[in-house]
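Visitor: Sequence and predicted model, in that order:
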Amino acid sequence: MADPVYLSVVIPSYKAAGILNKNLPVLLSYLQKQDYKWEVIVVDDGSNDHGATEAVCRKLGCLFYQNEKNMGKGAAVRTGMEAARGQFRIFTDADIPYELDAIGTMLRYLDFKEFQLVIGDRNLKGSSYLSEISWLRKFTSMFFTWFVGTIVTTNFFDTQCGLKGFQKEAADFIFRHARINGFAFDVELLYIALKQNFEIKRIPVRLSNQEKSTVRVFRHGISMFFDLFKIKINNVKGYYKEEV
């Protein structure tokens, strides 16, 4: 019988072979120094890049999965989480944006403190988020953050930080019920967790790397707001309750 996997790291990817080739070795170097069994799962969300992403993953020794068509970041993360074998499961972005000591902090809270979710929060004291963004994106981000934290995930304002960790049982429940494929999937994950009264810990994160964002303010912004209302509708329809 194979040794159980302690940590699964899931990385959604879309046309990101070059970014992965540059940044995955940093993550792998960190994990290779740890004394637990781990796996890194990369999910390509229908890039049609002629196998470039898969080739990078095979070269670096990561597990590779692929959605047949481009469905959205939420769908890619869900595919990875469903394939994961780890007792604890973390997802982050292809550019590995945050300092990796956050992984150890997350595992400490998930394992020894027994929180069911641990999420990065760029608003907490101790965080460093030095990205240079346009005034338009900054404004829309602030409005979206306020709207979500006030209307959907009360008091959880930084839902979009690309670093979240789960205990296995919590991940199984949340991703079995999640339905949002786009960028608002983070909101849905927290909404489901809050509905289940899962214990959630927020931790500060420090930005160490950032590639050019794939978020388009108007196109993605409009779809994200529609998805927020879908989350409310899904809840009314009972989609986030455990099947009897």
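Guide: Great, that's in hand. Numbers count the residues shown, from 1 in each chain.
Visitor: quick one: secondary structure of the spatially most central residue of the chain?
Guide: Geometric centre of the chain, nearest residue: residue 91, 4.1 Å, by Cα atoms, centre = their mean. When classified by DSSP: H, G, I helix; E, B strand; the rest coil, residue 91 comes out as strand.
Visitor: Put the alpha carbons of stretch 187-206 into PDB.
Guide: Extracted in PDB, the C-alpha atoms of stretch 187-206 (Å, rounded to 0.1, in the frame of the first residue of the first chain):
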ATOM      1  CA  VAL A 187     -16.700  33.400  -3.500                       C
ATOM      2  CA  GLU A 188     -18.800  30.300  -3.900                       C
ATOM      3  CA  LEU A 189     -16.200  28.200  -2.100                       C
ATOM      4  CA  LEU A 190     -16.300  30.500   0.900                       C
ATOM      5  CA  TYR A 191     -20.100  30.800   0.700                       C
ATOM      6  CA  ILE A 192     -20.500  27.000   0.900                       C
ATOM      7  CA  ALA A 193     -18.000  26.800   3.800                       C
ATOM      8  CA  LEU A 194     -19.800  29.500   5.700                       C
ATOM      9  CA  LYS A 195     -23.200  27.700   5.100                       C
ATOM     10  CA  GLN A 196     -21.600  24.500   6.600                       C
ATOM     11  CA  ASN A 197     -20.200  26.500   9.600                       C
ATOM     12  CA  PHE A 198     -16.700  25.300   8.700                       C
ATOM     13  CA  GLU A 199     -13.900  26.900  10.700                       C
ATOM     14  CA  ILE A 200     -12.000  29.300   8.500                       C
ATOM     15  CA  LYS A 201      -8.600  30.900   9.300                       C
ATOM     16  CA  ARG A 202      -7.300  33.900   7.500                       C
ATOM     17  CA  ILE A 203      -3.500  34.500   7.200                       C
ATOM     18  CA  PRO A 204      -1.400  37.300   5.800                       C
ATOM     19  CA  VAL A 205       0.400  36.700   2.500                       C
ATOM     20  CA  ARG A 206       3.400  38.400   1.000                       C
END
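Visitor: what's the spacing between that stretch and its chain's center?
Guide: On the basis of Cα atoms, centre = their mean, to the nearest Å, stretch 187-206 is displaced by 12 Å from the centre of the chain it belongs to.
Visitor: Sounds good, over and out.
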